[in-house]
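Engineer: For reference, the sequence and a predicted model appear below.
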Amino acid sequence: MGAEDSFLTIAAGIVIPISEIQVETSRSSGPGGQHVNKTETRVTLRLALSATSSIDAASKARVLEKLARRLTRSGEILVSCGRHREREQNLREALDRLERLLQDAWHRDPPRKKTRPSAGSKERRLAEKRHTTQRKRSRQSPPDE
């Protein structure tokens, strides 16, 4: 990993140093025979978002809220990769996944502009309701007189 890879870029001016991410390795699953049984190629990244100083408190709260389902009990985000045979490839892919995850959580959808339904759509909706009412009325038995 070079100097350009020493940060995760979340948004313009928001970066998280790689030094704040804990990297763990373990044995990968799947086929591979002796190689997979003796090498630790799976990479798991742990990022304690609440402890990072790279993000201001308001933004951190928004990201934590969006990623609430991905957090551990201790408030860490875990990302694992064991797809490749080489640890470096798994590390690169896990970092890319973490970066994308944080970027997606950081992104704020623009507020929805309220629009009124068109006259045609209102008329179609009411016509469909009248049709449904008529269909259900036709199923009823005639009233007793």
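Structural biologist: Right, received. Where do you want to start?
Engineer: list the helices and strands the helix or strand of the chain with the lowest mean pLDDT packs on?
Structural biologist: When each helix and strand of the chain is scored by mean pLDDT, DSSP states H and E, helix 34-38 comes last, with a mean of 75. Under the contact definition 3 or more CB pairs under 8 Å, 6 or more residues apart in numbering; DSSP states H and E, helix 34-38 sits against no other helix or strand. In short, each C-beta sits where N, CA and C put it, glycine included.
Engineer: So which residues make contact with it?
Structural biologist: Helix 34-38 has contacts (CB atoms under 8 Å, 6 or more residues apart in numbering) with Arg27, Ser28, Ser29, Gly30, Arg85.
Engineer: Just the element for the residue most central in space within the chain, please.
Structural biologist: Centroid-nearest residue in the chain: Leu101, 5.4 Å away (criterion: CA atoms, centre = their mean). Using DSSP states H and E, Leu101 falls within helix 87-106.
Engineer: what's the neighbour count on Ile21?
Structural biologist: Neighbour count of Ile21, defined by other CB atoms under 10 Å: 18.
Engineer: Next, it: phi, psi?
Structural biologist: phi -100, psi 130 (degrees, to the nearest 10).
Engineer: What residues are bridge-paired with it?
Structural biologist: Ile21 forms beta bridges with Leu47, as assigned by DSSP bridges.
Engineer: Just to check, it is in contact with Leu45?
Structural biologist: Yes - between Ile21 and Leu45 there is a contact at 5.3 Å, judged by CB atoms under 8 Å.
Engineer: what's the overlap in contacts for the two?
Structural biologist: Common contacts of Ile21 and Leu45 (CB under 8 Å, 6+ apart): Leu95, Leu98.
Engineer: can you pull out the helices in this protein?
Structural biologist: Taking DSSP state H to define them, one finds helices in the chain at 34-38, 57-66, 87-106, 119-139.
Engineer: Highest mean neighbour count across the ones you listed, which stretch is it?
Structural biologist: Among the helices of the chain, helix 87-106 has the highest mean neighbour count (mean count of other CB atoms under 10 Å), at a mean of 17.
Engineer: Let me know the angle separating that one from helix 57-66.
Structural biologist: Angle of helix 87-106 versus helix 57-66, following axes from the mean of the first three to the mean of the last three CA atoms, to 10 degrees, is 110 degrees.
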